[in-house]
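Participant: okay, predicted coordinates and the sequence, questions at the end:
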Amino acid sequence: QVRMEGGRPVPVVEVDLNNAAFKGDWFAAAFESVSGKLTARPDGYAFEGVHGRLGGGTWVLRGGIEARRWMPTRFGLNADVDNARVRYLDFLPPIQGNAKLTFDGPSDALLLGGTINIKDMVFAERIDWEDWVLEFSGDHLADAAEETSSNLFDLDLRVISKKSVRFRNNVGDLVGSADLRFVGDTARPGLTGNILAEPGGRVLLKERDFEIKRAEMRFVDPYTFDPELDFVLQTEVDTRDNDYVIDYRVLGPYSDWRTDTRSDPALPQADINSLLLFGLTTEQMARYGGAAGALAVEGGDLLASKLGLVERVGQGVYGLELVRPERIDLVSGVSERGSGTVSSELRLLVEKDLDWTTLIFEQNLSRAVDTYIGFEKRLARLFYVRTYWARDQVGRRLDIGGAYGLELKLRTEFD
């Protein structure tokens, strides 16, 4: 329509929204049940009573945009979001919470500001945390600070969580809090603040349960995305000879963290590493399993072994570059071959992820003839195929250099 203002005709466009819906690639969730009124004029745009639903919650948009000949010159918008649940990043779970956001300033110097309060965020899905950690290390940290996009607007956005982030999965059972601030701009975002876990929670490292005494990540330099780590974890290891309390610390920047371990009663570092990795001291390994000559744990470390970062895991064949494993353990019970025989004999189990398959190596430490090598490939979410060779033929009459097999497996987890 055209209105007469000051003796001149002024075009005015009015749009009434009633239960509309909007969704775009720029945001993960849909804006539903959108209602309200938008008035557009050559000198600006006004929003009246614009509201709707988002992720099961509600939102309200207020304010307007100044313009010159329909082109925006200054923004003055604010939005309130209440109890919405949105999954914005694929590798993170949905976030439920409230937000008060502003988007204002001249069109060439816009600022997105405000506060997001996280009410509930639950990590319930299984996490392959070794890959998760490695994905955000090394070059990835440096790449995060590079300018990879154009500067659309500046950032001053605070994210607060007060004991509302929970881990209840294979990584641990803990409650966390956060006070973070996103700064910079869309071309070069920055992050400051801290994330901490409440004492008393539990984490699982290499199938060993640790109690959290202190766990904090501090983002100091906003543009490196390389936080300072300060973790103190504690576990108890019961052996045939003694019970040990082990304090395990992770310190330093995320890109170059270091560990420090101490035990009560006090033990040399090699024995502490051996206890954490295998549940036995080096002397006990030699006494019960004859493994002292097969493993070199003096230079090992719980996290380093778990992440495959140890340069030499063992001596001989175990020290080859090929075998920088994702997992190395001393095990007993039913063997990987699944012959049905339960044995108390210790076996060295090594798993290594290759580009196309997973290598599984198992060696009985008491009987050299008992060797198993398998290759496993995941076919679907729950189905796996494995082919293997075992030196011990378990009494078969035909000597063909060992036993060969092909297995199809259905694998799942139950809480």
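Facilitator: Cool, the structure landed.

Participant: when you work out contacts or count neighbours from here on, use the C-alpha atoms and nothing else.
Facilitator: Fine.

Participant: give me every residue that touches residue 180.
Facilitator: 158-160, 191-195 (C-alpha atoms under 8 Å, 6 or more residues apart in numbering).

Participant: ok, now with 7 Å
Facilitator: 158-160, 191-194 (C-alpha atoms under 7 Å, 6 or more residues apart in numbering).

Participant: check residue 170 too.
Facilitator: 126-127.

Participant: what about it, which helix or strand?
Facilitator: For residue 170, there is no helix or strand it lies in under DSSP states H and E.

Participant: quick one: end-to-end distance for stretch 162-176.
Facilitator: Start-to-end span of stretch 162-176 (C-alpha to C-alpha, to the nearest Å) is 8 Å.

Participant: likewise stretch 351-368?
Facilitator: Length of stretch 351-368, first residue to last, C-alpha to C-alpha: 19 Å.

Participant: in it, which residues are buried?
Facilitator: 351-353, 358-365 (16 or more other C-alpha atoms under 10 Å).

Participant: going along the chain, name the helices of the stretch 151-300 of the chain.
Facilitator: 269-278, 282-288 (DSSP state H, counting those that start in this stretch).

Participant: and these as TSV, adding mean neighbour count and distance to residue 331?
Facilitator: Putting these into TSV (neighbours: other C-alpha atoms under 10 Å; distance: least, C-alpha to C-alpha, whole Å) gives the following:
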stretch	mean neighbour count	distance to residue 331
helix 269-278	22	8
helix 282-288	16	12
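
Participant: turn these into TSV, including mean pLDDT and distance to residue 387.
Facilitator: What follows is the helices of the stretch 151-300 of the chain, written out as TSV (pLDDT from 0 to 100; distance: least, C-alpha to C-alpha, whole Å):
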stretch	mean pLDDT	distance to residue 387
helix 269-278	81	27
helix 282-288	71	31
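
Participant: for the stretch 251-400 of the chain, what spans make up the strands?
Facilitator: 258-264, 327-334, 342-353, 358-364, 371-378, 383-390 (DSSP state E, counting those that start in this stretch).

Participant: tell me where the model's unsure across the stretch 151-300 of the chain.
Facilitator: For the stretch 151-300 of the chain, the stretches flagged by pLDDT under 70 are 206-207, 286-300.

Participant: give me that answer again for 90
Facilitator: 151-153, 167-172, 185-190, 204-209, 223-227, 237-242, 253-261, 268-300 (pLDDT under 90).

Participant: out of the contacts of residue 180, which are inside strands?
Facilitator: Counted as lying in strands by DSSP state E, out of the contacts of residue 180, are 158-160, 191-194.

Participant: on that earlier part again, out of the helices of the stretch 151-300 of the chain, the one nearest residue 386 is which?
Facilitator: helix 269-278 (26.0 Å; C-alpha to C-alpha).

Participant: and the closest one, what other elements does it pack with?
Facilitator: helix 302-307, strand 327-334 (3 or more C-alpha pairs under 7 Å, 6 or more residues apart in numbering; DSSP states H and E).

Participant: if we can go back for a sec, and the ones in strands among the contacts of residue 180, which two are furthest apart?
Facilitator: It's 160 and 191 that sit farthest apart of the ones in strands among the contacts of residue 180, by C-alpha to C-alpha, at 13.1 Å.

Participant: please identify which of these two sits among more neighbours.
Facilitator: residue 191 (23 against 19; other C-alpha atoms under 10 Å).

Participant: from residue 252, how far off is the more buried one?
Facilitator: From residue 191 to residue 252 the distance is 18 Å (C-alpha to C-alpha).

Participant: which non-adjacent residue is nearest residue 152?
Facilitator: residue 186 (5.9 Å; C-alpha to C-alpha, 6 or more residues apart in numbering).

Participant: and what of residue 363?
Facilitator: residue 371 is the one closest to residue 363 (C-alpha to C-alpha, 6+ apart), at 4.7 Å.

Participant: now do the contacts for the one you found.
Facilitator: So residue 371 contacts 362-364, 390-392 (C-alpha under 7 Å, 6+ apart).

Participant: can you rerun that using 10 Å?
Facilitator: By C-alpha atoms under 10 Å, 6 or more residues apart in numbering, residue 371 lies in contact with 337, 347-348, 361-365, 389-392, 402.

Participant: ok, residue 109 next?
Facilitator: 74-75, 151-154.

Participant: got JSON lines for those residues, with neighbour count and distance to residue 54 too?
Facilitator: What follows is the contacts of residue 109, written out as JSON lines (neighbours: other C-alpha atoms under 10 Å; distance: C-alpha to C-alpha, whole Å):
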{"residue": "74", "neighbour count": "20", "distance to residue 54": "26"}
{"residue": "75", "neighbour count": "22", "distance to residue 54": "23"}
{"residue": "151", "neighbour count": "16", "distance to residue 54": "27"}
{"residue": "152", "neighbour count": "14", "distance to residue 54": "24"}
{"residue": "153", "neighbour count": "18", "distance to residue 54": "23"}
{"residue": "154", "neighbour count": "20", "distance to residue 54": "24"}
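
Participant: now stretch 57-73: how far from the chain's centre is it?
Facilitator: 37 Å (C-alpha atoms, centre = their mean, to the nearest Å).

Participant: likewise stretch 211-229?
Facilitator: Stretch 211-229 sits 14 Å away from the centroid of its parent chain (C-alpha atoms, centre = their mean).

Participant: and stretch 349-356, by the same measure?
Facilitator: 21 Å.

Participant: what is the mean pLDDT for that stretch?
Facilitator: Stretch 349-356 comes out with an average pLDDT of 82.

Participant: what is the neighbour count of the closest residue in space to residue 151 that isn't next to it in sequence?
Facilitator: Once flanking residues are discounted, residue 151 sits nearest to residue 187: 4.5 Å by C-alpha to C-alpha, 6+ apart. Using other C-alpha under 10 Å, residue 187 has 16 neighbouring residues.
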